[in-house]
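>>> Model the following, please.
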Amino acid sequence: MATMTVMPRGVGEWTVDDVDALPDDGLQYELVDGMLLVTPAPTPRHQLALMRLLGQLHDAAQTADALVLPAPVDWRPHRRTSLQPDIVVLRRADYDPERLTPDLLLAVEILSPSTRRKDQLLKRSAYEDAGVASYWMVDPAVPSIVALDLVDGRYVVTGEARGNEEVHLERPIPVTLVPTDLLRP
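The predicted structure follows:
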């Protein structure tokens, strides 16, 4: 089982400039408050869930003023944080072809053994602190989805489903999801 690695650093904290200088070697490099996190490439099950959810969100976004983008794309709310959500949703008006706006409507993470703790703790906290309106965690191992919305500066659960259960989510775009549907090859 692969694990998350923190790269050692002799002096100072990591910045987005340091991340930009790292090699393109198939690993995922992310930065949370100056700490570099390195994870391996995702599994096929992770990617299947990603593609299924991406398709459903893309279809739902066509009737809204939203744009849906898959990883890898860096979200950098400040110089000491650079994350690659599996899926992001933003307002079409906020689209910049060079970089993601800090004002995301939704960040989605597909959990895997190597990213579970990072996604549930570090990334959740980073998205919450930066004011990302909604955060979803999809767990292919269960299968399940937990949807969180920002209320008074903190995330609260606004929808959950396991297995064949259906969850209807309103934010940022209305969509109905069934976790097992995201894993059908």
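
>>> nearest residue to the most centrally placed residue in the chain other than its sequence neighbours?
The residue lying closest to the centre of the chain (C-alpha atoms, centre = their mean) is Pro85, at 2.8 Å. Spatial nearest neighbour of Pro85, excluding adjacent residues (C-beta to C-beta, 6 or more residues apart in numbering): Ala107 at 4.0 Å. Any C-beta I mention is one placed from the backbone N, CA and C, and that applies to glycine too.

>>> Now do whichever strand or helix holds that neighbour: everything it contacts.
Following DSSP states H and E, one finds Ala107 within strand 106-110. For strand 106-110, contacts defined as C-beta atoms under 8 Å, 6 or more residues apart in numbering pick out 42, 46, 49-50, 53, 57, 75, 83, 85-89, 115, 119, 123, 127, 132-138, 140, 171-172.

>>> still on that earlier bit, my guess is the residue nearest to the centre of the chain contacts Ala71, does it?
Yes - if you go by C-beta atoms under 8 Å, Pro85 and Ala71 touch, sitting 6.4 Å apart.

>>> Give the residues shared as contacts by the two.
Contacts common to Pro85 and Ala71, judged by C-beta under 8 Å, 6+ apart, are absent.

>>> before we move on, the earlier item: so in that sheet, which strands flank the strand holding Ala107, and in what orientation?
Under the criterion DSSP bridges, strand 106-110 sits next to strand 87-91 (antiparallel), strand 134-139 (parallel) in its sheet.
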